[in-house]
Structures are given as structure tokens and as C-alpha cells.
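Trainee: Give me coordinates for this.
(2 chains)
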Amino acid sequence: MTPNNSHQIISNEIHDDDFLNLIENSLAIGSWELDLMSNNLKWSSVTKKIHEVPQDYIPDVNTAINFYKEGINRNKITLLLNQSLESRNSFDDEFIIITPSGKEKWVRAIGYPKFENDTCIAIRGVFQDIHDKTVKANATALKEKQLRTLFNHSITGIAVLDLNGNWKKINPGICKMLGYTETEFLKSTYLQLTHPEDRLIGQKELKLMLSGDIDNFQTEKRYLHKEGFDVHCILSLTIVRDYKGIPEHFIANINNVSEIKDSKNKISELLDVSSKQNDRLLNFAHIVSHNLRSHGGNLDMLLKLKKEEYPNFTTNEYFPLIEKAVENLNETILNLNEVAIYNNYENKALEAINLSKYTDNALNSIKALSIKNHATINVKINPKTTIKGIPAYIDSILINFLTNAIKYRKPDINPIINIEAIRKDNKVILTIKDNGLGIDLDKYGDKLFGMYNMFHKHKEARGLGLFITKNQIEAIGGSVEVESTVDIGTKFSILFDYE
Amino acid sequence: MNNTINLVCIIDDDLIYTFAVKKLMKMNAFSEQFLIFKNGKEALDGLTNLHKNKSTFPDLILLDINMPIMDGWQFLDACKNISLDISSPLYMTSSSIDEKDKKKSKTYDMITEYVEKPLTLDSLNKLVNQKN
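Mentor: The predicted model follows:
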């Protein structure tokens, strides 16, 4: 056979090669013929183009089969060819071939056996490039599968509703959320499952969606569980329109937020409890501040009067002890007062405080102490650094840290105290470092800022300073940290808000 | 020191405190005569009657803040309302060390000064001297 006869395989009626080529090219369909008498295989030019081989390429049965991807594709074409010549079956199927450049390509191969005297003399067919179409279809199928998975397995309720609010399609998530089976669910309408008080929610937006003004809206509403309780949800409703913009249906996305609601309620209950407790504490603080103080004061007055009026009564061994006990009681009350008083500074207005100036003031206040102890105090604070605070607190904080630094010096060396302030973003870190006794933080770390904890046997120690100081720092929104090594010294870092 | 206080008025519900103040004042010869009211209402009525009967009016008043029925602040407000003339020095005395109370006391013209309890000989000396 000569190449000129190739047109015969397509049709016996049309003998116009050019016309046939035109058809082949425009449809991207090639033709082929396997002459079983000569075992000769012919490919049309489009078939060669699809295989991505040059026009002078001469195919044979084996090389042609080898274009098909090894495995199911190659096995399938072999099987179909055999069936075709044995059982006169034609075939039409899709395959992956591998082009010479190694590219996978989707093709459609159709074959018709030709019989003469019960003998198959040839198989003829067409060959079509369906790669782009198939790839697209596969991608769509994958997307569809993903969406279906999402729809079926999402814990969010997803539903398709018609324009009248009837369920068209619902996912298992929504059924589970409201406790219905799919059949039960589909029998109800959207409004029936909505909490009666919330039925009007979203009506306005629904109209806006139907009129084309908006595509989506979100709202919070309650639905009714089959067992009667409310299910708090966040609904996101989207309208789907056809290509002409005519509304087709709605897609509802419903999220159960009942648990979040419950925890919110729990939080507010807890808040309520703690604010009541806080009130009681304030009340307690008031009792401490006032009542205890009156009683203590009275005891003190009575004892003094008695001492003056009846000096004889004071010479026994009890009187000095009672006097001491009353003195201790009043001191404790005084200390408690210092602590309790912070509660009265609620809603305190914080002022801008020049740290450098306040440090100078504090240093002046402790001048006598520092001179007596030969203390060297180095200050590195930018004169412009201002922090947020309450003046009385800042005074007390600074004086307390400085007094401690001197009080707990090492007996054999003169105290050296370095004070430094660094600004970091909107914070000011004030460090006060001494070369004193140090504190064993492993032992006392968690008690350091506690009430009535004393770490050094010092005649003026009363174990309240750091507790009060920490409270004052926190009351103005700051925090305090400590680093310390026994026999080396202590460093306090206080974080203030920059003003 | 001129210690002649004719009549001291103590408005306080704390009997131990009033006893002690009385003692303290007597022992130090500040005063021998006392007028005690247990709350603001008693004091208001009592002092009004003194004016009405033209009796001796106290020349020093110690007024507590926290009292039942009518507290110290309410007493002062009531005095203002009925224009009760209190020209004698009036000291607000309280165990409260609350700054709010101290600040509030400054807003009343009638209050000579805020004095923290307990009263000591020192603080008493100070206010008696101030009076004279």
C-alpha cells in the first residue's frame, strides 16, 4: 500500500485527501489502520502528530503498543485489539500514552475490525487527543470529591436551600447538630427548625440577597434541637445565582457555638463570684483598717492611762508583757493597713512621673542611712525618662529597695548600689543592684515577696517591705523580678510603663 | 499653757474610747466637764437644745466618723441644713487612715482638723494649744 491510499480507511465515499486532512486537523482526530494480512500499521498525519513523532515516522505493531503506558493502559489496548479480531468487537476507550519526550498524554482510541470470509483482515480506527479535556475533567472530579468529603464530614452544618427555604440537600453535620435523621430533617422547613424568637433574624438580608444587593450575610441565631433545647449558632448564608444572575438557591453554613456560649456564661459567673469575693475582701480591708485599729487604739490608750494613774500596777511582771503584746498588736494592724489601703486606690489615676527626679528625692530621704553606712550609689537614669505611676507609690518603692540594699549589706565591705533605667519599647526597666548579703532564691524565691517573710535577722526587718513594694508596683501596672547570689548581691529589675 | 477648756463634747459610739479620752483630759487637767453623744443624731438634737436653752456650748468638739444612725459626715451635713451654729473648734477623729476620709475632711469648713485615733497626750496637747 502507498500512503496515498490512506484515505480509504476512513471512507469509501470521500476520496478527497485534502478534505479528509482538513477534517482530521480541525477535530484533532487522526486515523489508523492495521493490515493483518501484511501486519502493516499505518498512521495518518494527525495520528502521528498526537504521538508527537515526525511525519516520516513508520510505526509497527510493537512500537505502537509500546506507546501505551505500561500497566493497565498497555494491557487494555492489547486485550481490546485481540478481542476485536477474534470476536468482531469494536472498541472505544481512553488511554494514557507516553510520547517520545516522556510526556503522559490522554488519548481516545476507537477501533473497528474488518472481516472478509470470517477472517479479520484489518482493524481500522480513529485516534483522538483528549488530554486537556481529561485533565480538566479529572481536576473537576477531584474538586468535586474534595467538596463532597468536606460536605459529608464537616462538623459544620452545611445545607442547600431552595429560594422558599426548603432544604434541598443537607450534610450529616447539620443532622447531628440538631439531632435529626436526614429523612426527618428534609421533611422540616428552615423556619420550623429556627428558634421562634429568632425567626425574623435575617429577613431583611434575605431580601437584599434576592434583589442582588448582597451575596452573603452572617448572623447569630438559635435553632431547635430535636430534644427541644436551643442550639446557639453562627449562620453564614450565601446566595447562588446562575450565569444570568438569577437566584437559584442558598447555601447555609451553620456553626454550633453553644459550647462557646456556655463557657462565656461560665466565665461571667466566675467573674461575678470573684467580684463578690473582692467586695468581701474590700469589706475585710475596711474592718482591718477601721475596727481593728479602734480596738487596738483603745487598748493602747487604756494601758497608758492606767500606767499614769496607777503606777503601782505596772511593776508586776505581767504589765510590761501586756504592754508589749498591745504594741505588737498595733504594729501588726498598722502593717495590715498599709496592705489594705491599696484597695482604696481603685480607679487610681496614674500620673507621669520623672524617674530621675524621684530617684534623687529617694536618695535624699535615705541620705543619713547611706552616709552612716558609707554607701556608694551610682545612678544612670536619663533625666527625661518618665513613667506612669502614683507619686506616693514610686516614693515608697524606691525608698524600700534602696533601704534594703543598704540594710542588708555585707558587714565587711561598704555597700555599692547601682541604679540604672533602660527604656525598652513602651516600658522602662529600672535595675537596682547591690553587693550585699544576697538571698538564697532556691530556698526563698517563692516567698521573697510574701507577707511576713524575713530572710535576714536584722533589727529593723519586719518582713513587709517587699510585699508592699510588689503590691505597689503591680498596682501601677508594673512587675518586678529578682536575681540574687548569696554573698555576691542582689539585683531587682522593676518594669514600669513608659509615659 | 492655758488649759482652760470649759466643756468638751465627744460624739462617738465607742464607749471605751470616750472613757479614755475623758480620763486623759482630766488627768492632764485639760477639762473637767464633758458632753457625750453616742451618734450624730443625738449630738444634733443635744446641741440644738443647748442653743435653744441658751446653755453653755462646748468649746471643743471631737467628732467620730463611723457611727450608727447618723455618722460624722451626715451630722455635719445636717448642721449645715438647719444652720446650727458651731463656732467652736471641731476635730474629726477616726481610726480610718483612708486618704479619702482625710481629703473629704478638708472640704468641710466646720472641721478644724482631721485627727487620727488613738488620741495620745501629744496629739491632745497639740489640738488644745491650737484651740487657744
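
Trainee: Could you use CA atoms for every contact and neighbour count after this?
Mentor: Will do.

Trainee: which regions of chain B sit below the pLDDT cut-off?
Mentor: Along chain B, segments meeting pLDDT under 70 span B:1-4, B:131-132.

Trainee: And the stretch 1-150 of chain A, by the same measure?
Mentor: Applying pLDDT under 70 to the stretch 1-150 of chain A flags residues A:1-15.

Trainee: ok now do residue B:56, which residues does it touch?
Mentor: Listed by Cα atoms under 8 Å, 6 or more residues apart in numbering or on different chains, the contact set of residue B:56 reads B:7, B:50.

Trainee: How about the secondary structure of it?
Mentor: Under DSSP: H, G, I helix; E, B strand; the rest coil, the three-state class of residue B:56 is coil.

Trainee: backbone phi and psi for it, please?
Mentor: Main-chain dihedrals, residue B:56, degrees, to the nearest 10: phi -60, psi 130.

Trainee: Work out for me the element the residue nearest the centre of chain A sits within.
Mentor: Geometric centre of chain A, nearest residue: residue A:260, 15.3 Å, by Cα atoms, centre = their mean. Secondary structure assignment for residue A:260, by DSSP states H and E: helix A:258-286.

Trainee: got the CA coordinates for the helix or strand following that helix in PDB?
Mentor: Next along the chain after helix A:258-286, taking DSSP H and E as the criterion, comes helix A:293-309. Only the C-alpha atoms of helix A:293-309 are listed here, as PDB (Å, rounded to 0.1, in the frame of the first residue of the first chain):
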ATOM      1  CA  ARG A 293      -7.500  49.900 114.700                       C
ATOM      2  CA  SER A 294     -10.100  51.400 117.000                       C
ATOM      3  CA  HIS A 295      -9.900  48.400 119.400                       C
ATOM      4  CA  GLY A 296      -6.100  48.400 119.300                       C
ATOM      5  CA  GLY A 297      -6.000  52.100 119.800                       C
ATOM      6  CA  ASN A 298      -8.400  51.800 122.800                       C
ATOM      7  CA  LEU A 299      -6.200  49.100 124.400                       C
ATOM      8  CA  ASP A 300      -3.200  51.300 124.000                       C
ATOM      9  CA  MET A 301      -4.900  54.400 125.500                       C
ATOM     10  CA  LEU A 302      -6.300  52.400 128.400                       C
ATOM     11  CA  LEU A 303      -2.900  50.900 129.200                       C
ATOM     12  CA  LYS A 304      -1.200  54.300 129.100                       C
ATOM     13  CA  LEU A 305      -3.900  55.800 131.300                       C
ATOM     14  CA  LYS A 306      -3.600  53.000 133.800                       C
ATOM     15  CA  LYS A 307       0.100  53.300 133.900                       C
ATOM     16  CA  GLU A 308      -0.200  57.000 134.700                       C
ATOM     17  CA  GLU A 309      -3.000  56.700 137.200                       C
END
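
Trainee: What helices and strands are in contact with the helix or strand following helix A:293-309?
Mentor: For helix A:293-309, the succeeding helix or strand toward the C-terminus, using DSSP H and E, is helix A:318-340. Applying 3 or more Cα pairs under 8 Å, 6 or more residues apart in numbering or on different chains; DSSP states H and E, one finds that helix A:318-340 contacts helix A:258-286, helix A:293-309, helix A:465-475.

Trainee: Counting neighbours, what do you get for residue 20?
Mentor: I went with chain A, as the question did not name one. 16 (other Cα atoms under 10 Å in any protein chain shown).

Trainee: nope, chain B
Mentor: A total of 22 residues lie near residue B:20 under the criterion other Cα under 10 Å.
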